[in-house]
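Participant: Give me the fold of what follows.
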Amino acid sequence: MNKKDRIKELVKVLNEASKAYYQDAREIMSNFEYDKLYDELVALEEETGIVLANSPTINVGYEVLSELPKENHPSPMLSLNKTKSVDELASFAGTHDCVLSWKLDGLTIVLTYEDGKLIKAITRGNGTVGEVVTSNAKTFKNIPLSIPHKGRLVLRGEAIIKYSDFEKINNDIEDVDAKYKNPRNLCSGSVRQLNSEITASRNVNFIAFALIEAADVDFENSVSKQFEFLDEQGFETVERKVVDGSTMAAGVDFFAGKIADYDYPSDGLVLVYDDIEYGVSLGVTAKFPRNGIAFKWQDEEAETTLKYIEWSASRTGLINPVAVFEPVELEGTTVARASVHNVSIVEELQLGVGDQIKVFKANMIIPQISENLTKSGNIEIPDTCPVCGGETVIKNDNGVKTLVCTNKDCPAKNIKKFTLFVSRNAMDIEGLSEETLEKFVDSGYVKEFADLYHLDRYQDEIVSTAGFGEVSYNNFVKAIDKSRTAPVDAFLYAIGIPNIGVANAKLIAKACDYDLDRIMNATVDELVSIDGIGQVMAEKYVEYWSDEDNKSMIKRLLAELNLSKPEVAAEQNLEGMVFVVTGSVHHFANRDELKKYIGERGGKVTGSVSKNTDYLINNDIASNSSKNKKAKELGVPIITEDEFVEKWGDNYGD
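Facilitator: Alright, predicted model coming up:
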């Protein structure tokens with residue numbers, strides 16, 4: 001195994017060990033083993049000059065901005081011309097060697113390094129002006145913050161979120177309507193966050209696909225050599241093959257055979273000439289450079305008959321159209337349904353029962369309607385909700401028409417709300433599946449949250465219902481009783497205020513000191529002063545508590561609950577203080593344990609020394625490290641771990 005791969009392996013193993021210890025309260029390796037691997041990683045980073053952004057040897061720190069700065073690109077970033085023809089790719093290559101690689105579907109980022117350090121990251125933007133996202137890029141999981149090359153280096157790559165990570169993030173979102181539509185949208189929103197801590201939580205990766213500038217390096221006029229150089233610097237580079245016209249079909253088949261199991265979102269391939277000078281000599285058109293071409297997958301289409309449109313009500317009141325058609329085979333699977341998303345698309349496609357439509361899998365994955373061949377347009381938009389029979393209205397937001405149920409007591413809305421209420425991160429009531437809740441709502445046992453705590457009124461009816469019995473009844477009643485004692489922030493998330501997820505509920509509850517009166521009467525100004533709470537979110541929150549029906553419903557619910565504040569694990573004697581921790585430690589198992597200790601006592605640990613830093617903790621006070629130099633320059637006190645323990649350690653280690 002080469003040194004770069006060993007660094008990646010060590011980072012992965014050490015991070016897994018830290019997560020197990022600090023988040024899951026279990027130990028997967030001894031302190032001795034951890035320290036041994038940690039020391040090996042430090043030595044390899046010093047030897048190679050490669051330090052990955054998620055390395056446990058560093059702490060980047062998070063930054064919160066009011067807005068993302070804009071910056072002009074030195075020259076316009078043009079898009080490639082596109083084709084869906086393998087023959088056209090072969091003709092483009094001819095007898096020239098070309099590099100064929102994935103066309104990744106994320107957010108293009110330009111990175112600049114100087115003196116071996118990442119100094120700037122800019123999004124593609126509109127091709128002329130991009131947004132500066134340097135602090136966010138430093139939290140990408142696999143990006144090198146330090147590299148061996150000390151000259152100026154500029155490269156392009158794609159910020160992406162893997163399908164596997166996308167699914168994990170979506171699985172943690174209880175509300176179906178709040179789930180992200182695809183990895184690209186999630187990635188774009190994650191990279192362009194004003195708070196880099198949010199970016200860090202999204203598992204963004206960076207895959208390099210083009211070298212723009214590298215001072216004093218001879219690449220022997222080869223794009224392949226450029227990729228090899230980027231590999232040596234610690235970057236994860238796009239998977240590629242060298243092909244020419246005669247081997248093009250085999251090259252495309254190679255990638256096509258992998259796409260079903262490929263974890264990175266991709267919407268095609270990219271082909272560029274390996275000969276750099278030849279590619280440059282071809283120049284550019286008004287829209288495209290001539291040294292490369294993009295290949296879009298020829299989506300497999302099938303013609304079928306539209307049977308009907310199913311209107312599916314959701315927790316938010318949106319009634320979403322779903323096309324149901326005669327089953328067809330696409331990309332090796334049977335497909336019979338496709339989301340049409342909204343009323344506007346139903347109208348644009350002029351859909352009608354019995355129409356001949358063409359369907360395909362977008363990027364070989366998501367079923368969609370590509371064309372309506374007969375366009376009868378006979379679909380009627382329902383004026384009543386398919387679930388409750390309440391009146392519907394068509395809303396037009398920025399030119400997009402959506403169908404909405406106006407009945408706020410619609411069972412469909414309530415079922416989704418109850419599903420959220422009983423979920424793990426909310427009231428955590430086991431045994432109440434969405435199917436079970438639907439039966440209780442339909443039977444009239446449950447009309448609001450408080451009713452869940454009085455299901456004993458219907459014990460005989462529930463036990464005699466098909467699928468239930470004494471055992472299942474007793475199990476979920478015990479779970480319901482257990483949920484009567486719950487944390488304030490879990491309750492705040494559970495009641496389903498629009499846009500208030502788990503993290504936001506924790507932020508608001510903590511900012512209000514877990515006081516229910518303050519939580520229920522918080523103003524917009526108070527809310528937006530909380531880091532992570534925006535104007536729209538604050539307005540929706542206040543709007544929820546301004547509704548008298550909501551207040552009455554919550555009052556009845558609170559009569560059933562005994563809400564608790566989180567226990568303070570230790571005296572908050574470091575409240576408001578900012579620390580930076582560097583170097584090795586001996587009182588604590590590792591630096592992560594020291595950082596956790598500081599956080600539990602109200603302190604904050606950042607990754608770099610600034611004028612806001614109160615103390616730099618470094619057992620090697622005399623070293624000439626960059627952090628020590630910065631601390632001395634700013635007048636920040638440098639203390640040893642012994643001094644920290646003596647002053648704030650509460651007899652730690654005795």
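
Participant: For the stretch 51-200 of the chain, which segments count as strands?
Facilitator: Shown for the stretch 51-200 of the chain, the strands assigned by DSSP state E, counting those that start in this stretch span residues 51-52, 70-72, 82-83, 98-104, 107-114, 117-123, 129-131, 144-146, 153-160.

Participant: now the ones you listed in JSON lines, with mean neighbour count, mean pLDDT and distance to residue 221?
Facilitator: For the C-beta atoms, the positions are set from N, CA and C on the backbone; glycine is no exception. Listed next are those as JSON lines, based on neighbours: other CB atoms under 10 Å; pLDDT from 0 to 100; distance: least, CB to CB, whole Å:
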{"stretch": "strand 51-52", "mean neighbour count": "24", "mean pLDDT": "88", "distance to residue 221": "30"}
{"stretch": "strand 70-72", "mean neighbour count": "13", "mean pLDDT": "88", "distance to residue 221": "29"}
{"stretch": "strand 82-83", "mean neighbour count": "16", "mean pLDDT": "85", "distance to residue 221": "26"}
{"stretch": "strand 98-104", "mean neighbour count": "23", "mean pLDDT": "96", "distance to residue 221": "13"}
{"stretch": "strand 107-114", "mean neighbour count": "21", "mean pLDDT": "94", "distance to residue 221": "23"}
{"stretch": "strand 117-123", "mean neighbour count": "19", "mean pLDDT": "94", "distance to residue 221": "27"}
{"stretch": "strand 129-131", "mean neighbour count": "18", "mean pLDDT": "88", "distance to residue 221": "29"}
{"stretch": "strand 144-146", "mean neighbour count": "24", "mean pLDDT": "93", "distance to residue 221": "25"}
{"stretch": "strand 153-160", "mean neighbour count": "23", "mean pLDDT": "96", "distance to residue 221": "18"}
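
Participant: Just give me the neighbour total for residue 168.
Facilitator: Neighbours of residue 168 under the rule other CB atoms under 10 Å: 12.

Participant: Next, work out how far apart it and residue 203 are.
Facilitator: According to CB to CB, to the nearest Å, residue 168 and residue 203 sit 8 Å apart.

Participant: And for residue 18?
Facilitator: 16 Å.

Participant: Settle it for me: which of the two has more neighbours?
Facilitator: Neighbours per residue (other CB under 10 Å) separate residue 18 from residue 203, with residue 203 holding more: 21 against 18.

Participant: That one and residue 185, how far apart?
Facilitator: Going from residue 203 to residue 185 by CB to CB gives 15 Å.

Participant: so residue 371 is in which element?
Facilitator: strand 366-372 (DSSP states H and E).

Participant: Now do the buried residues in that strand.
Facilitator: Within strand 366-372, the residues scored as buried using 16 or more other CB atoms under 10 Å are 367, 368, 369, 372.

Participant: contacting residues around it?
Facilitator: Residues from elsewhere that reach strand 366-372 (CB atoms under 8 Å, 6 or more residues apart in numbering): 182, 299, 301, 306, 323, 330, 335, 337-340, 349-351, 355-362.

Participant: Out of the buried residues of strand 366-372, which is nearest to residue 209?
Facilitator: Closest approach between the buried residues of strand 366-372 and residue 209, by CB to CB: residue 368, at 26.9 Å.

Participant: Just the pLDDT for the closest one.
Facilitator: With respect to pLDDT, residue 368 scores 83.

Participant: same deal with residue 20?
Facilitator: Reading off the confidence values, residue 20 has pLDDT 62.

Participant: Quick one: distance of stretch 508-518 to the chain centre.
Facilitator: Distance of stretch 508-518 from its chain centroid, counting by CA atoms, centre = their mean, to the nearest Å, is 27 Å.

Participant: Would you mind checking the average pLDDT for it?
Facilitator: 90.

Participant: related to what we said a few turns ago, partner strands of the strand holding residue 371, with direction?
Facilitator: Taking DSSP bridges as the criterion, strand 366-372 sits next to strand 356-362 (antiparallel) in its sheet.

Participant: related to what we said a few turns ago, tell me the helix or strand right after the strand holding residue 371.
Facilitator: strand 392-397.

Participant: same question for that next one, mean pLDDT?
Facilitator: On average, strand 392-397 scores 88.

Participant: and the next helix-or-strand element following that strand, what does it pack onto?
Facilitator: For strand 392-397, the succeeding helix or strand toward the C-terminus, using DSSP H and E, is strand 400-405. Packing partners of strand 400-405 (3 or more CB pairs under 8 Å, 6 or more residues apart in numbering; DSSP states H and E): strand 318-330, helix 343-348, strand 392-397.

Participant: where are the low-confidence patches of the stretch 201-350 of the chain?
Facilitator: Scanning the stretch 201-350 of the chain with the threshold set as pLDDT under 70 gives 286-287, 298-299, 315-316, 331-332.

Participant: just the helices in it please.
Facilitator: Secondary structure of the stretch 201-350 of the chain (DSSP state H, counting those that start in this stretch): helices at 223-232, 248-256, 276-281, 343-348.

Participant: so which of those is the most packed in?
Facilitator: Of those, the one with the most neighbours on average (mean count of other CB atoms under 10 Å) is helix 223-232, at a mean of 18.

Participant: At the geometric centre of the protein, which residue do we find?
Facilitator: Geometric centre of the chain, nearest residue: residue 202, 3.5 Å, by CA atoms, centre = their mean.

Participant: isn't it right next to residue 162, touching?
Facilitator: No - using CB atoms under 8 Å as the test, residue 202 is too far from residue 162 to be in contact (10.7 Å).

Participant: element containing the spatially closest residue to residue 649 that is not a sequence neighbour?
Facilitator: Counting by CB to CB, 6 or more residues apart in numbering, residue 587 is the residue found nearest to residue 649 once chain neighbours are left out, at 7.4 Å. If you go by DSSP H and E, residue 587 is not part of any helix or strand.
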